[in-house]
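Here is a sequence together with a model predicted from it:
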Amino acid sequence: MRFAAGGTPRSYGIGAAIVGTAASPVVGAVKRKGNVIARVVENVRADTLCEFVREAVSHKVSLLCTDQWKGYKKLDKEYPRATIDHSKGQYVIGAVQGFWSIFKRGVMGTFHKMSAKYMPLYVAEFQFRTTTGKTQTFLERRLRDASMRLLASMLLIAFFILLIIFSIGSWSCNQPPKPSGETQQTENANKKDCATFYGTFEVGLFDTGRFIHAYHQETVAVATVIIAAFTIILGVFTISLARSTRVAAEHIPLVERAYLFGGPDTRTLTVRDDLNLIQFKFGVKNNGKTPGIVAEIWVEFLTDEPTSGNPIYRRGQAGVNGRLAEPDAVLSAGDDASSLFPAPFSCTPGERYFAGYIIYTDIFKKTHTSRFCTRFDFDNRSWHRVGPPAWNDWD
C-alpha cells in the first residue's frame with residue numbers, strides 16, 4: 001500500500017493564482033490506485049501539512065512518497081518516507097500530481113474563476129469525481145454481476161444445445177444396420193468420419209436438421225418455449241439491474257453528503273461560580289464526507305425541559321434569550337467550527353437548557369435541518385442531550 005502526498009508551497013500558490021483569488025492552499029494525498037483526499041488549509045506551515053498527513057494516511061503504509069520540501073522531514077520518524085525531485089523530472093505515476101492536473105484543467109476549462117470562500121466545495125467536487133472514477137461503484141458492481149449472470153445463462157444454453165447435437169451424431173454413428181439393409185441414418189454416418197469430433201458433430205447437425213424438417217411444428221413449439229423462458233430470465237435480470245440503479249441513486253447522496261451537528265462546545269466551557277454564570281461557545285461539526293454550507297442557526301435558552309412532540313422555538317418573541325446567525329459558512333468534511341457566533345454565550349443556572357437548529361445545504365443542493373436540545377449538569381460540569389426525540393433529530 002503506497003500513498004503519495006505532495007505539493008510545495010510554491011505549487012499551491014500557482015493553483016491559487018490560476019483561479020484569480022487570494023492564495024488558497026490545498027493539500028492532497030492519493031492512495032496508489034485508490035482514493036483521493038484533498039483539503040483547503042489555512043497555511044502551508046510544516047505543522048499544518050504534517051497534521052493533514054497524519055489524519056489522511058495510515059501509519060501502516062509501506063511507503064509515504066513526498067517531494068523534497070523540508071517541512072515533511074518531521075514525518076520521517078512516523079512513516080517510511082521517500083522523496084522525489086521534481087526539478088530532475090521525477091514523478092510518481094498515478095500520484096497526487098495527476099489530481100492537481102485534473103483540478104487545474106477544470107478551473108481553466110469549466111469554472112474559470114473560483115472564490116476562496118467556496119474553494120472547499122470545488123475541491124470536494126473534484127475529489128469525489130476522481131475517487132468515484134477510480135473505484136468501482138455500487139451500481140457498477142451490480143451491473144457487472146447482472147451482465148455476468150446473463151452471459152453465463154446464454155453460454156449454458158448454448159452448451160446444452162451443442163451437447164444435444166453431438167449426442168445425436170454419436171448415436172447415429174453407432175447405429176447398426178437393419179437386416180433389410182442400411183438405414184438412411186447409417187448410410188449418412190458412413191459417409192462421414194465419425195472418428196473425429198467434428199465428423200460426429202456434423203452427422204448430428206445433419207440429423208438434427210432432418211428431424212426439424214420432419215417435425216417442424218413440434219420443433220417450433222419447443223423453440224417458442226425456450227425463447228419464452230430465456231425472455232423471462234432476461235426480464236428478471238433487467239428488473240434486478242433497475243432495482244440496483246434505484247438503490248444506487250438513493251445510496252450515493254446519503255453516504256457522500258454532509259452531516260452537520262451542533263451544540264455547546266465543551267472545550268470552551270467556563271463555569272463562574274463567583275458570578276453564578278456559565279460561559280461557552282457554540283460549535284458545529286461536519287461528520288459527513290463532503291462539505292456543507294451553513295445557511296441559518298438559531299439557538300435559545302430554556303428554563304424547563306421541553307415536553308412537546310414537535311419542536312417549538314420562540315424565535316422573534318420578546319424577552320427570549322436567543323441568537324440568530326446566517327453565516328453562509330462552508331464546513332469541509334471533518335471540520336469543527338466554534339466561530340460562527342463570535343461572542344460566547346452566557347447563562348444562569350436557571351437557564352440550563354440550550355436548544356436550537358441548523359439549516360445547511362450539501363453539495364447535492366439539498367437542504368437539511370439538524371436540531372439539538374441539551375442540559376447542563378452542574379455537578380459533573382458537562383452537557384447532556386435531553387427532550388423528546390424530535391428535538392434532537394436530523395434529516
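Cool, got the structure. Computed from a prediction, not measured in an experiment: that's the story for all the values here. Residues are numbered from 1 along each chain as shown.

Check the offset of the helix or strand harbouring Ala229 from the chain's centre.
Element membership for Ala229 (DSSP states H and E) is helix 216-256. Averaging C-alpha positions (C-alpha atoms, centre = their mean, to the nearest Å) puts helix 216-256 27 Å from its chain's average.

Going by contacts, tell me the helices and strands next to that helix.
helix 138-173 (3 or more C-beta pairs under 8 Å, 6 or more residues apart in numbering; DSSP states H and E). For every residue, glycine as well, the C-beta is placed using N, CA and C.

and the direction of the helix it packs on versus that of helix 216-256, what angle?
Here the directions of helix 138-173 and helix 216-256 differ by 160 degrees (axes from the mean of the first three to the mean of the last three C-alpha atoms, to 10 degrees).

now for helix 138-173, which elements pack on it?
Counting by 3+ C-beta pairs under 8 Å, 6+ apart, helix 138-173 packs on helix 184-190, helix 197-214, helix 216-256.

Name the residue closest to the centre of this protein, please.
Glu256 (5.2 Å; C-alpha atoms, centre = their mean).

so that residue sits right up against Glu125, yeah?
No: taking contacts as C-beta atoms under 8 Å, Glu256 lies outside contact range of Glu125: 10.9 Å.

Mind splitting this protein into its structural domains?
2-134, 147-255, 260-392 (automatic domain parsing).

Dump these to JSON lines, plus mean neighbour count.
What follows is the domains of the chain, written out as JSON lines (neighbours: other C-beta atoms under 10 Å):
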{"stretch": "domain 2-134", "mean neighbour count": "16"}
{"stretch": "domain 147-255", "mean neighbour count": "13"}
{"stretch": "domain 260-392", "mean neighbour count": "16"}
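
Correct me if wrong, but Ser87 is in a strand.
No: looking at Ser87 with DSSP: H, G, I helix; E, B strand; the rest coil, it is helix, so not inside a strand.

Give me the pLDDT for it.
We have a pLDDT of 76 for Ser87.

and what of Gly309?
pLDDT, Gly309: 81.

So it sits against Asp393, correct?
No: counting by C-beta under 8 Å, Gly309 sits too far from Asp393 to count as a contact (10.9 Å).

Mind checking what helix or strand follows the lowest-mean-pLDDT helix or strand in the chain in sequence?
Within the chain, no helix or strand scores below helix 9-19, which has a mean of 30 by mean pLDDT, DSSP states H and E. Sequence-wise, the next helix or strand downstream of helix 9-19 (DSSP H and E) is strand 26-31.

ends of stretch 372-392, how far apart?
4 Å (C-alpha to C-alpha, to the nearest Å).

what comes into contact with it?
261-264, 266, 269, 271, 278, 305-311, 349, 352-358, 371 (C-beta atoms under 8 Å, 6 or more residues apart in numbering).

make it 10 Å
Applying C-beta atoms under 10 Å, 6 or more residues apart in numbering, the contact partners of stretch 372-392 are 261-266, 269, 271, 273, 278, 280, 282, 299, 302, 305-312, 347, 349, 351-358, 370-371, 393-394.

In the stretch 101-250 of the chain, where is pLDDT below threshold?
109-113, 131-143, 175-195, 244-245, 247-250 (pLDDT under 70).

what about the longest strand along the chain, distance to the chain center?
In terms of residue count, the longest strand belonging to the chain (DSSP state E) is strand 260-272. Distance, stretch centre to chain centre, for strand 260-272: 31 Å (C-alpha atoms, centre = their mean).
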